[in-house]
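*Asks:* Here you go, sequence then predicted model.
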Amino acid sequence: MKNIGRRSFLKKTSLSAAAFATSPLIPSCKDSNIKVPISSGKYMGDFTATKLEKVRIAFIGVGHRGVGHLKYLVNIPGTEVVAISDLYENNVKQSLKTIHQLKDDNQHSNVKTYWGSENKWKTMLQEVKPDAVFISTNWKNHAPMAIESMKNGAHVFVEVPLATSIKDLWDIVDTSEIMQKHCMMMENVNYGRTELMYLNMCRNGIIGDFLHAEAAYIHELRWQMNEVDRGTGSWRTPQYATGKGNLYPTHGLGPVAQYMSLARTEDNFKSLVSYSTPALGRAIHARKTFSDDHKWNQLDYKNGDMNTSIIKTVMGRTIMVQWDETSPRPYSRLNLIQGTKGVLAGFPTRIAIEGGFDGLSADHHEWIEGNLLEKVYEKYDHPLYKRLNKKSEGSGHGGMDGIMRYRIIECLQKGLPLDQNVYEGAFWSAVTELSGHSVDQDGTPQQFPDFTRGNWKLTKPLGIIN
């Protein structure tokens with residue numbers, strides 16, 4: 001859906017006006033006395049909502065990603081799709097057809113539909129009052145849609161990133177605290193089989209005390225530039241000209257942050273430094289692929305092809321985070337966590353433990369990899385994966401999407417804390433703006449705002465869920 005100006009509907013309430021009147025929320029380490037907005041609500045770290053026997057779901061945005069959520073959620077017992085909103089009529093009609101193809105009963109018999117105007121989603125929220133809203137739209141719409149959904153009484157589940165600016169992230173946090181509604185950024189990679197196993201191994205102390213992690217989103221996406229007038233490429237391509245720093249940090253960062261329990265009792269984000277390479281690849285591709293007068297050849301691609309950031313935590317641990325959607329190279333999220341006793345690494349998946357591990361290796365100088373990993377999975381597969389893997393086959397991204405969606409509904413129905421809280425989504429997404437400022441300032445350290453206002457020390461680490 002097209003970008004929507006926040007001024008067109010955000011009310012000047014205590015959610016934003018008081019919070020930002022005194023100081024900017026994009027600080028650098030030069031300012032050690034960062035002012036934090038005062039909360040008018042209650043902390044959401046381990047928040048549990050009232051149980052929902054039936055979860056009434058609305059969707060905003062049902063393109064490729066949104067309809068993927070719909071296809072899976074429509075088959076979970078105790079759900080009811082009550083509304084669908086999209087800018088395009090054919091997306092809505094195709095979603096309705098999908099529902100009718102998947103279900104032959106009356107579970108989703110009264111779906112209201114909205115399309116044709118950028119503001120139809122607001123009408124939907126006011127008329128339908130859903131329990132949960134799934135948002136899969138242009139990045140810049142995530143914040144206003146999430147905020148308005150919570151104001152209308154819904155729990156919100158937002159595609160990554162949670163928002164594109166720190167000011168919007170504060171608005172989301174404040175609204176969640178005031179309305180006492182969940183707002184989860186749907187970081188699906190946290191539910192991958194290897195990521196869940198590594199979380200289990202970290203909780204079991206296999207690699208000792210944490211020292212360092214590596215995370216990335218290295219995914220060549222130049223083909224999206226062919227989506228000129230509609231689709232992801234139509235709005236994402238200009239980001240390479242107007243954006244700065246790491247535009248998509250959460251797929252790699254989310255899992256390693258949960259291994260380390262960042263923003264949950266043990267440690268938290270502190271500061272970041274960032275550098276970008278020259279910006280070359282997008283302009284080269286545009287010249288080779290499109291005519292000289294094509295709009296993609298009118299853009300000045302300023303954002304570097306690869307961005308590398310180093311995060312320092314409160315306890316002094318480090319995380320390297322990389323982003324590159326342009327260079328011709330294989331896909332990687334890195335997914336590495338180093339401890340005092342060994343290392344768990346990804347792409348390819350491999351493990352090295354001091355003194356060897358379960359008879360699979362002699363010492364830490366050789367990797368446990370390939371077929372040997374099956375014995376590790378057999379012993380350390382996360383209980384969540386073992387319980388939900390069969391239910392999630394064919395759900396997307398190796399099953400991680402289905403496990404995530406199932407857990408969302410399960411937590412809402414049972415009144416459990418979500419696996420990812422609003423603060424984690426805010427910290428992980430904040431890397432974009434902070435890295436951009438550091439790049440602009442030739443690597444000057446940038447300090448993370450504490451979206452928890454110090455309450456992260458009270459939030460339990462994510463447990464191994466049975």
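*Replies:* Done, it's in.

*Asks:* what about the closest residue to S438 other than its chain neighbours, is that helix, strand or coil?
*Replies:* Excluding its sequence neighbours, the residue lying closest to S438 (C-beta to C-beta, 6 or more residues apart in numbering) is S274, at 3.8 Å. (Glycine included, C-beta is placed from N, CA and C.) State at S274, reduced to three classes by DSSP: H, G, I helix; E, B strand; the rest coil: strand.

*Asks:* And for T175?
*Replies:* helix.

*Asks:* Same question for Y43.
*Replies:* Assignment for Y43 (three-state DSSP): coil.

*Asks:* Nearest residue to it in space, please, no chain neighbours.
*Replies:* Ranked by C-beta to C-beta, 6+ apart and with sequence neighbours excluded, the top spatial neighbour of Y43 is N455, at 4.7 Å.

*Asks:* What is the burial count for the one you found?
*Replies:* Other residues lying near N455 total 17 when counted by other C-beta atoms under 10 Å.

*Asks:* try the one 4 residues further on
*Replies:* Counted with other C-beta under 10 Å, the burial measure for T459 works out to 23 neighbours.

*Asks:* pLDDT value on it, please?
*Replies:* Note for T459: predicted pLDDT of 96.

*Asks:* Which positions in the helix or strand hosting L199 come out as buried?
*Replies:* Element membership for L199 (DSSP states H and E) is helix 193-203. The neighbour-count check on helix 193-203 (16 or more other C-beta atoms under 10 Å) flags R193, T194, E195, L196, M197, Y198, L199, N200, M201, C202 as buried.

*Asks:* what's the answer for stretch 67-87, then?
*Replies:* Buried residues in stretch 67-87, defined by neighbour count with 16+ other C-beta under 10 Å: 67-74, 76, 79-87.

*Asks:* And stretch 362-381, by the same measure?
*Replies:* Here stretch 362-381 shows H364, W367, I368, E369, L372, L373, V376, Y380, D381 as buried, counting by 16+ other C-beta under 10 Å.

*Asks:* ditto for stretch 257-273
*Replies:* Within stretch 257-273, judged by 16+ other C-beta under 10 Å, the buried ones are 257-264, 266-273.

*Asks:* what comes into contact with the helix holding L199?
*Replies:* If you take C-beta atoms under 8 Å, 6 or more residues apart in numbering as the criterion, helix 193-203 is touched by 189-190, 207, 210, 255, 258-259, 335, 337, 339, 344, 346, 349, 376-377, 380-385, 389, 398-400, 461-464.

*Asks:* about what we covered before: which of the buried residues of stretch 257-273 sits closest to T232?
*Replies:* Nearest to T232 out of the buried residues of stretch 257-273 is A257 (C-beta to C-beta; 25.2 Å).

*Asks:* What values do phi and psi take at the closest residue to the closest one other than its chain neighbours?
*Replies:* In space, and not counting its chain neighbours, A257 is closest to W428: 6.4 Å by C-beta to C-beta, 6+ apart. With angles defined as degrees, to the nearest 10, W428 sits at phi -60, psi -40.

*Asks:* Tell me the bridge partners for the nearest residue to L211 once chain neighbours are set aside.
*Replies:* With sequence-adjacent residues excluded and distances taken as C-beta to C-beta, 6+ apart, L211 is closest to Q338, at 5.0 Å. Judged by DSSP bridges, the bridge partners of Q338 are H212, V343.

*Asks:* Check the separation of the first and last residues in stretch 84-94.
*Replies:* With C-alpha to C-alpha, to the nearest Å as the measure, stretch 84-94 spans 11 Å from end to end.

*Asks:* what's that stretch in contact with?
*Replies:* 1-2, 58-63, 66-67, 70, 95-96, 111-118, 120-121, 124, 230.

*Asks:* Buried ones from those, can you make that a ChimeraX selection?
*Replies:* This is how ChimeraX selects the buried members of the contacts of stretch 84-94, with burial counted by 16+ other C-beta under 10 Å:
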select :1,58,59,60,61,62,63,66,67,70,95,96,111,113,114,115,120,121,124
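
*Asks:* Strands - which of the contacts of stretch 84-94 land there?
*Replies:* Counting by DSSP state E, the contacts of stretch 84-94 place A58, F59, I60, K112, T113, Y114 in strands.

*Asks:* which of those lies closest to N138?
*Replies:* Proximity of the ones in strands among the contacts of stretch 84-94 to N138 (C-beta to C-beta) peaks at I60, which lies at 10.8 Å.

*Asks:* Isn't the closest one up against K120?
*Replies:* No. Between I60 and K120 there is no contact under C-beta atoms under 8 Å: 9.4 Å.

*Asks:* on that earlier part again, can you tell me which of the buried residues of stretch 67-87 end up in helices?
*Replies:* V67, G68, H69, L70, K71, Y72, L73 (DSSP state H).

*Asks:* Pretty sure the fifth one sits against K97.
*Replies:* This means K71. No. Using C-beta under 8 Å, K71 makes no contact with K97, being 11.2 Å away.

*Asks:* can you tell me the distance between the two ends of stretch 289-306?
*Replies:* 21 Å.
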